[in-house]
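**Q** Below is the sequence, then the predicted model.
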Amino acid sequence: MAGYVDPIAAMDFLLQNTLSGHKEKVFPADGQTLRFYCCGPTVYGPAHIGNFRTFTIQDLFRRTAEAIGIRTCHVRNLTDVDDKTIRESQKAGLSLKAFTDQWTRRFEDDCKSLNLLEPHHSPSAVSHIPQQIELIQRLVDKGLAYKGQDGSVYFRISAFPAYGKLSGLCREGLVCNADGRLHSEDEYGKEDYSDFALWKAWKDEDGPNRWESPWGPGRPGWHIECSAMSMHYLGESYDVHSGGVDLVFPHHENEIAQSEGATGKPFARHWFHPTHLRVEGQKMSKSLGNLYTLEDIRARGFSPEELRYVLISGHFRQPLNFTWDSLHAARSALQRLHKFRSKLSPATPVVGQPAGSSIPEFGVWEPVMASLADDLNAAQALGRLFTLIPQAESALVSDPSGRESILAGFDRVMYAFGFRLEAETAPEGQLDIPADILALAEARWQAKQSRDWAKADALRLDLSSRGWVVKDTKDGYSLSPVAV
Ligand code: AMP
Ligand code: ZN
């Protein structure tokens, strides 16, 4: 477990708790280390910028805690066995391991580019099968789970009266609400419609992907992995649990039922759920062609840091609308921060954890940190930062001796935001595409989306007459200068 300061926070850190519906203080129950679990990606393809909104907000949460002096232990799992990973690995003609390893590496590379702190533990479901079997066995022994007629093992929701306490959905509501999310058609062995699978009996289409268990060969259900792995690394009761808002129900509700059902103890105390990212006002989806990855962002000449800026710039409990214009605005904002930082000192800004063993001082930046520590209000924090910068610049003109303390506070605040400020423009190897060219490419893309082929062709010609080639890619387009 990493940590860099005494576990004494410089200010209270408040965060809306989905479980209570109130803003509550974030603190380590053991007075030492904040134990924090995030549901990670399903590794069957590249993560999209919506997934990265959630992971980046979770990173902002951890960085904020650390910047104010709370030591953390962060666990984020990898879902490397489920229907999708099995199906897609078979389509790709690869073993499940070779297939998920490849997407895990891609995810880790993307996280590094976005400057997400590496979790202290990144356990995968396949490498924790015994822990999951053991937890299921505890539930069976307590009468909270049963083997169905189809050989799978199910959680008996009727035996857990607290079911629904996170999402506020009652059991009756679940049954009426059954919309396909609660059950799958091949789960025919259940006692009750709303019971969910803990262990899935092996089927022909699973191929070689099977593990032995007391209930026969099969594989774990999706929900059990997060209960088993979070309790394995963080203990049966821990501090904070997070995932995107779509996970509140049924995934997190099921995690609580499995964990508290087995242990009889409270599971995670504090829950937070970033709201979804939308693109140009629409839900992201493959069919709309707006499901962007980090690769798509780079292909249009923007840097991961510019994307990071956009992803954290709205309040995590409000939906965020991604637009290409917002990346332009992020570029200007980061350039302003970079300029200010270079004026203070030519040295590279701190990218690792700030050093120090006493209660952190934020100096003139205290209002910025106070916004982050008040329900992760990054929008307000950035607003305050840009108001304070010119004030700090004037203060330095009249009293240059304050430079070091302003710099130390600024670097700590940059650590919290996760900005490296390494370059004023896109990183090396990335194109800095002029704004008017980007605007033309965008207009062409929009024309294509509305099937106005004549307009799209005219815009392509316009771009090439200005020296730029536009190429369509799987999920969007890329721009490159005409070779001379
Ligand atoms: P998955 O790989 O589908 O399990 O998702 C990984 C994480 O991304 C989960 O916490 C999801 O809740 C979250 N997520 C999925 N779609 C979006 C979106 N459009 N905006 C924000 N978060 C999302
Ligand atoms: Zn999970």
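**A** Now that the structure is in, tell me what you want to look at. Numbers count the residues shown, from 1 in each chain. Ligands and ions are numbered 1, 2, ... in the order given.
**Q** Contact partners for the one residue in the stretch 1-150 of the chain that gets nearest to ligand 2?
**A** Closest contact between the stretch 1-150 of the chain and ligand 2, by CB to the ion, is at residue 39 (3.1 Å). For glycine as for every other residue, the C-beta is placed from the backbone atoms N, C-alpha and C. Contact partners of residue 39, counting by CB atoms under 8 Å, 6 or more residues apart in numbering, are 76, 77, 226, 242, 243, 244, 247, 251.
**Q** so where does the spatially most central residue of the chain fall, helix or strand?
**A** The chain has residue 55 as the residue nearest its centroid, 1.5 Å off, counting by CA atoms, centre = their mean. According to DSSP states H and E, residue 55 maps onto helix 49-67.
**Q** Show me what the helix or strand following that helix is in contact with.
**A** Toward the C-terminal end, the helix or strand that comes next after helix 49-67 (DSSP H and E) is strand 71-76. Outside strand 71-76, the residues within contact range by CB under 8 Å, 6+ apart are 1-5, 7, 28, 32-40, 55, 58, 62, 65-66, 117, 119-123, 229-230, 233-234.
**Q** So how do I select the buried members of those residues in PyMOL?
**A** Command for PyMOL that selects the buried part of these, burial taken from 16 or more other CB atoms under 10 Å:
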select buried, resi 3+5+7+28+33+34+35+36+37+38+39+40+55+58+62+65+66+117+119+120+121+122+123+229+230+233+234
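**Q** The contacts of strand 71-76 in helices, which ones?
**A** Among those, DSSP state H puts 55, 58, 62, 65, 66, 229, 230, 233, 234 in helices.
**Q** nearest spatial neighbour of the first one, skipping sequence neighbours?
**A** What that stands for is residue 55. residue 116 (6.0 Å; CB to CB, 6 or more residues apart in numbering).
**Q** Tell me, what's the model's pLDDT at the one you found?
**A** Residue 116 is assigned a pLDDT of 98 by the prediction.
**Q** Can you get me a residue count around it?
**A** The number of residues packed near residue 116 is 22, by other CB atoms under 10 Å.
**Q** With residue 204 instead?
**A** By other CB under 10 Å, the residues close to residue 204 number 5.
**Q** Where do the strands of the stretch 151-300 of the chain begin and end?
**A** According to DSSP state E, counting those that start in this stretch, the stretch 151-300 of the chain carries its strands in the segments 153-155, 196-201, 218-220, 238-242, 268-272, 277-279.
**Q** Kindly report the residues of the chain close to ligand 1.
**A** 39, 41-42, 50-51, 53-54, 243-244, 246-247, 276-277, 284 (CB under 6 Å from any ligand atom).
**Q** Redo these as CSV? Include pLDDT.
**A** Output for the residues of the chain next to ligand 1, formatted as CSV (pLDDT from 0 to 100):
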residue, pLDDT
39, 98
41, 98
42, 97
50, 96
51, 97
53, 98
54, 98
243, 98
244, 97
246, 95
247, 97
276, 95
277, 96
284, 89
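**Q** Within the helices and strands, which one has the residue nearest to residue 297 when sequence neighbours are not counted?
**A** Beyond its immediate neighbours in the sequence, the residue positioned closest to residue 297 (CB to CB, 6+ apart) is residue 307, lying 5.1 Å away. Take DSSP H and E as the rule and residue 307 turns out to sit in helix 304-312.
**Q** Now the element after that helix, going C-ward?
**A** strand 320-322.
**Q** Show me which residues of that following strand are buried.
**A** 320, 322.
**Q** Surely residue 113 touches residue 297?
**A** No. When contacts are counted by CB atoms under 8 Å, residue 113 is not listed as touching residue 297 (9.7 Å).
**Q** shared neighbours of those two, which are they?
**A** residue 304.
**Q** give me the number of residues near residue 29?
**A** Neighbours of residue 29 (other CB under 10 Å): 14.
**Q** Apart from its neighbours in sequence, what residue is nearest it?
**A** residue 239 (5.9 Å).
**Q** re the thing from before, check contacts around the residue nearest to the centre of the chain.
**A** Taking CB under 8 Å, 6+ apart, one finds 38, 41, 47, 76, 111, 114, 116 in contact with residue 55.
**Q** do the same with residue 297
**A** Counting by CB under 8 Å, 6+ apart, residue 297 has contacts 49, 304, 306, 307, 327.
**Q** Need the pLDDT of it.
**A** Per the predicted model, pLDDT is 97 at residue 297.
**Q** Residue 289 too?
**A** 83.
**Q** For it, give me the backbone phi and psi.
**A** Main-chain dihedrals, residue 289, degrees, to the nearest 10: phi 70, psi 20.
**Q** these two touch, right, it and residue 450?
**A** No. If you go by CB under 8 Å, residue 289 and residue 450 don't touch, sitting 11.6 Å apart.
**Q** Compare these two (neighbour count), which wins?
**A** Neighbour totals were compared for residue 289 and residue 450, and residue 289 leads with 17 against 9 (other CB under 10 Å).
**Q** and which of the contacts of residue 55 is nearest to residue 480?
**A** residue 114 (23.7 Å; CB to CB).
**Q** who touches that closest one in this structure?
**A** Counting by CB under 8 Å, 6+ apart, residue 114 touches 52, 55, 56, 59, 294, 304, 305, 307, 308, 311.
**Q** circling back to that earlier point, which helices and strands sit right next to the helix holding residue 307?
**A** Using 3 or more CB pairs under 8 Å, 6 or more residues apart in numbering; DSSP states H and E as the contact test, the elements touching helix 304-312 are helix 49-67, helix 294-299, strand 320-322, helix 324-344.
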